[in-house]
Each structure stands twice: as C-alpha cells, then as structure tokens.
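In: Kindly return the folded structure for what I paste below:
(one chain, ligands or ions: 2)
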Amino acid sequence: MTRAQIDTLLQKIESTEQVGGGNDRIKAIVNRINRDLFYAIEDLDIQPEEIWKAVNFLTQAGVNGEYGLIAAGMGIEHFLDLRMDEEEERAGISGGTPRTIEGPLYVAGAPKSVGFARLDDGTEVEEGKVFFMQGQVVDGNNNPIPGAIVEVWHANLKGNYSYFDQTQSDFNLRRTIETDENGNYQFRSILPSGYACPPGGSTDVLLTSIGRHGNRPSHVHFFVSAPGFRKLTTQINFEGDPYLWDDFAFATRPGLVPDQVDITDAEKIKEKGLTKPYS
Ligand code: MBD
Ligand code: FE
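Out: Ligands and ions are numbered 1, 2, ... in the order given. Got it, this is the predicted structure:
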C-alpha cells in the first residue's frame, strides 16, 4: 500500500475514537506508535506469520516479566537518560555525578543505617573478595549533605540479585545508608560479578536473534536523595571488566568508574578484621 492509502486507513481507525473520550496524551502516543508500525509492516513487507510470532514473543516476555530487561537491552532506558541530561542542560543544570539507568532489579525497603552498612550476609566471604566503598554526598557548591539517603544494591558472585534470586537471604546486597554529619557514607560488601540475561529467556532470545549478547559488566547501583534536591539514579563500574564498555544496557559512562585500590598490607587487613586482601 502507498503511504496515502495507509494514512487513509489510519484516519478511519482513529475516527472511531469518541470525541472527548479517553485520554488525549495516550491517544497521541498509541496512534503514533501504531502509525509507525503500519509503515514498518509495509516498508519491510512484514509477513502475517512474523506478526503472530512477535505477538507470541511479547506475550511470553510478559509472562517471564522481562519487559524491564528488554527496555534496558534495546537502549530505551539509556535513551531516556540522555534525554533527561539534555533537558537539564537546557535548564542550565550541570555538574555532579552522571546519572545512569536504574534497571529492573531495584527493591524498595532495604534495611537502613547511618554512616555505614555491611551489604552482604556473609555467605560469599570465602569465595569472593571483600570491598569497601566510601563517598560523600555534596550539593552543587560542594557542601556536604548530612542525612542524605544512599540506597545501594548489587549482584552476588553469580551475577544474581536477592529477591529475584530466591536462594539469597532477604535484602542480601541491598541497603539504605543515611549520610553522617559530614555527608559521608561507607559500606562493606563482596565484589559482584557481571549480570547475564537469563539463558533461553525472552531477552536472550531477542538479543541472540539480532546478533547481540546480554551481558553487563560488574556494577553497583545507587539512588541518592535528599529533601530539596533532585534524586540521582546511578551506578559504578569496576576497571578491568571485559564488558566495561560493552554493556548490553549501555549504562557505563565516563565518571562512573571510581578509583579502586587493592589492599594487601597485613596490618591493614587485620585492622578491618579480615584475613585476606581486600579492595
Ligand atoms: C541488571 O543488573 C541491570 O542493572 C540492568 C540495567 C539490566 C539487567 C540486569
Ligand atoms: Fe544491575
């Protein structure tokens, strides 16, 4: 069909919308996406069996709860970040730690403490490497923000997240830390492994079909919030990870790979109550 014929058809479809009925914003979005889909079906000569295969794929993706993962993998979530950056730039807001995607694996309500938290439940201490991370929450003029809320979550050595992985204890590797009187926070945990999309799952099937992988480099997620301030959603990565700049979710950004130091000095190890080097 020609564009004009398709447009006539779409006009007929949209003309069945009740005047004053429904929601104008939703109408605009749904009709635009449907229009783009009609054009794509025509331009790419998409066949009926391909459409029904896609319908079944989408149904299964919903059953699997993988839409969040697909949004990350298709770069949609990263695109939203870039658009928020752009909007802030237009508003004259700049500086600070870069934002990057939340991903689909946050769980609210992690145990809260002030100044310090240990994130891991101890089950991977033998196998894994302990790390400490510390930082300071500051405002745009570098003034510390006491009482800021730092929510931290990350994967275990298998690349899995508690709650989604029912073998882990409740809120393992998830904590809420309130910054101390100097705006500082510190936590202890186990260096995580990178994440891989569930093998054979919808996202894995989709990415494999387009010749891509579904791996993320090792990372730690953060929400940072305080009254009167914009909320920061971000992550940090670790130097040396083979997927550092090859993340299926495109979340690695300059400024989000902090300095990391290996501590091998016996005295310092003992000071922390540990028996092997830490990071
Ligand atoms: C993750 O751990 C993640 O952070 C994202 C964005 C997608 C899948 C798994
Ligand atoms: Fe993650």
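In: for the one helix or strand residue 51 maps to, packing partners?
Out: With elements taken from DSSP states H and E, the one containing residue 51 is helix 48-63. Helices and strands in packing contact with helix 48-63 are listed as helix 202-209; criterion 3 or more Cβ pairs under 8 Å, 6 or more residues apart in numbering; DSSP states H and E. Any C-beta I mention is one placed from the backbone N, CA and C, and that applies to glycine too.
In: Could you look up the next helix or strand downstream of the helix holding residue 51?
Out: helix 67-73.
In: Quick check: buried residues in the helix or strand just after that following helix?
Out: Going down the chain from helix 67-73, the next helix or strand is helix 76-90, by DSSP H and E. Neighbour-count burial for helix 76-90, with 16 or more other Cβ atoms under 10 Å as criterion, is recorded at 77-78, 81.
In: What parts of the stretch 51-200 of the chain come near ligand 1?
Out: By Cβ under 6 Å from any ligand atom, the residues of the stretch 51-200 of the chain that approach ligand 1 are 69, 72, 101, 103-105, 195.
In: Got a quick ChimeraX command for the buried subset of those?
Out: What follows is the ChimeraX syntax selecting those of those that are buried according to 16+ other Cβ under 10 Å:
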select :69,72,101,103,104,105,195
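In: Would you check that residue 234 makes contact with residue 102?
Out: No: in this structure, residue 234 sits apart from residue 102 without contact. The criterion is Cβ atoms under 8 Å, and the distance is 9.1 Å.
In: Need the residues touching each of those two.
Out: Here residue 234 and residue 102 share the contacting residues residue 221, scored by Cβ atoms under 8 Å, 6 or more residues apart in numbering.
In: Residue in this protein with the shortest distance to ligand 1?
Out: Shortest the chain-to-ligand 1 distance, computed as Cβ to the nearest ligand atom: residue-wise this is residue 103, at 2.6 Å.
In: check contacts around residue 85.
Out: Taking Cβ under 8 Å, 6+ apart, one finds 98-99 in contact with residue 85.
In: So it versus residue 255, what's the distance?
Out: 12 Å (Cβ to Cβ, to the nearest Å).
In: Over to residue 43?
Out: Using Cβ to Cβ, one obtains 40 Å as the distance from residue 43 to residue 255.
In: And for residue 4?
Out: Applying Cβ to Cβ, the value for residue 4 to residue 255 is 49 Å.
In: what about those two, which has more around it?
Out: Counted by other Cβ atoms under 10 Å, residue 4 and residue 255 do not tie: residue 255 has more neighbours, with 11 against 8.
In: contacting residues for that one?
Out: Taking Cβ under 8 Å, 6+ apart as the criterion, residue 255 is in contact with 97-98.
In: pLDDT score for it?
Out: The score at residue 255 is 95. That number is its pLDDT.
In: cool, residue 19 as well?
Out: For residue 19, the predicted pLDDT is 88.
In: that older thread, tabulate the buried residues of helix 76-90 (a markdown table), appending distance to residue 201.
Out: Converted to a markdown table, these look like this (distance: Cβ to Cβ, whole Å):
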| residue | distance to residue 201 |
| --- | --- |
| 77 | 18 |
| 78 | 20 |
| 81 | 24 |
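In: picking up where we left off before, any idea of the mean pLDDT in the helix holding residue 51?
Out: Confidence for helix 48-63, expressed as mean pLDDT, is 98.
In: same deal with stretch 226-239?
Out: Along stretch 226-239, the predicted local confidence has a mean pLDDT of 97.
In: could you dump the buried residues of helix 76-90 to TSV with pLDDT?
Out: Supplementary listing: the buried residues of helix 76-90 in TSV, determined by pLDDT from 0 to 100:
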residue	pLDDT
77	98
78	98
81	98
